[in-house]
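In: fold the following, please.
(chains A and B)
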Amino acid sequence: GAGVSQSPSNKVTEKGKDVELRCDPISGHTALYWYRQSLGQGLEFLIYFQGNSAPDKSGLPSDRFSAERTGGSVSTLTIQRTQQEDSAVYLCASSLALSSGGRNEQFFGPGTRLTVL
Amino acid sequence: AQSVTQLGSHVSVSEGALVLLRCNYSSSVPPYLFWYVQYPNQGLQLLLKYTSAATLVKGINGFEAEFKKSETSFHLTKPSAHMSDAAEYFCAVTTASGGSYIPTFGRGTSLIVHP
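Out: So this is what the prediction gives:
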């Protein structure tokens, strides 16, 4: 079946503009995660969803970042008033339910490379 | 709380040589451990995982890892490196209970394979 898809694959924007990144998880995966990967850095956890609910938003870097998930499927990560330090690869992952514990591996999308000029 | 340390941001080996990528974890409860690989311009994909069954775990592409509780380690090995193994490798930990199910990732180790 299809894997996790993300769009766009690349996004170049000007400082101060808003951007919206999309993630389509694997069908049936109730858990969905967003990460940020900067050059030479590891994965920075941003937020996760269990169904449509995001129990922990503390990983979001600032109030310019928000995310939502609808229908237990597609998720969008929105960055308002983008700054140059927002430039990074944004990765989305999905997995089977978190309620079954931490044994389920994550399936990652190819990422969206965001460049803020 | 849980954490992961990957020793060495870069590891360089010759083709055909042993690959050893180190991962140490910290967890107050029994862990689940994962190794992921990231090829250039791609997302991460699972190499192998430990979920409290056999301590020696075999994964894809000839990789394996051994869970050593006494050393709190989960090092990744491959007997003979191939050029196609050049990639970024991430170790991750979650916990079975009493902790966070959200994986904590190490900072990654870049494997460089020389001809």
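In: C-alpha only now, for contacts and for neighbours.
Out: Noted.
In: quick one: secondary structure of residue B:84?
Out: Following DSSP: H, G, I helix; E, B strand; the rest coil, the label given to residue B:84 is helix.
In: what residues does the helix or strand residue A:94 falls within touch?
Out: Using DSSP states H and E, residue A:94 sits within strand A:88-95. Here strand A:88-95 makes contact (CA atoms under 8 Å, 6 or more residues apart in numbering or on different chains) with A:4, A:6, A:23, A:25-26, A:29-39, A:104-115, B:43.
In: give me the mean pLDDT for it.
Out: Mean pLDDT, strand A:88-95: 95.
In: before we move on, what about stretch B:108-115?
Out: 96.
In: so which of the contacts of strand A:88-95 belong to strands?
Out: Counting by DSSP state E, those place A:6, A:23, A:31-37, A:107-108, A:112-115 in strands.
In: run the angle between the strand holding residue A:94 and strand A:112-116 for me.
Out: Angle, strand A:88-95 to strand A:112-116, by axes from the mean of the first three to the mean of the last three CA atoms, to 10 degrees: 150 degrees.
In: what angle sits between strand A:88-95 and strand A:31-37?
Out: 160 degrees.
In: tell me the strands beside strand A:88-95, with direction?
Out: strand A:31-37 (antiparallel), strand A:107-108 (antiparallel), strand A:112-116 (antiparallel) (DSSP bridges).
In: so where's chain A shaky on pLDDT?
Out: A:1, A:98-101 (pLDDT under 70).
In: next up, the contacts around the most centrally placed residue in it.
Out: Residue closest to the mean C-alpha point of chain A, counted by CA atoms, centre = their mean, is residue A:34 at 2.9 Å. Applying CA under 8 Å, 6+ apart, we find residue A:34 in contact with A:45-48, A:90-93.
In: ok, now residue B:75?
Out: B:20-24, B:65-67.
In: need the pLDDT of the closest residue to it other than its chain neighbours.
Out: Nearest non-adjacent residue to residue B:75, counting by CA to CA, 6 or more residues apart in numbering or on different chains: residue B:22, 4.5 Å away. Here, the pLDDT recorded for residue B:22 equals 97.
In: neighbours of residue B:22, just the number please.
Out: Using other CA atoms under 10 Å in any protein chain shown, residue B:22 is surrounded by 18 other residues.
In: tell me how far the host helix or strand of residue B:57 is from the chain's mean position?
Out: Under the criterion of DSSP H and E, residue B:57 resides in strand B:56-58. Here strand B:56-58 is found 11 Å from its chain centre; the criterion is CA atoms, centre = their mean, to the nearest Å.
In: buried residues of the helix or strand just after that strand, list them for me.
Out: Using DSSP H and E, the helix or strand that follows strand B:56-58 in sequence is strand B:64-68. Across strand B:64-68, burial judged by 16 or more other CA atoms under 10 Å in any protein chain shown covers B:64-67.
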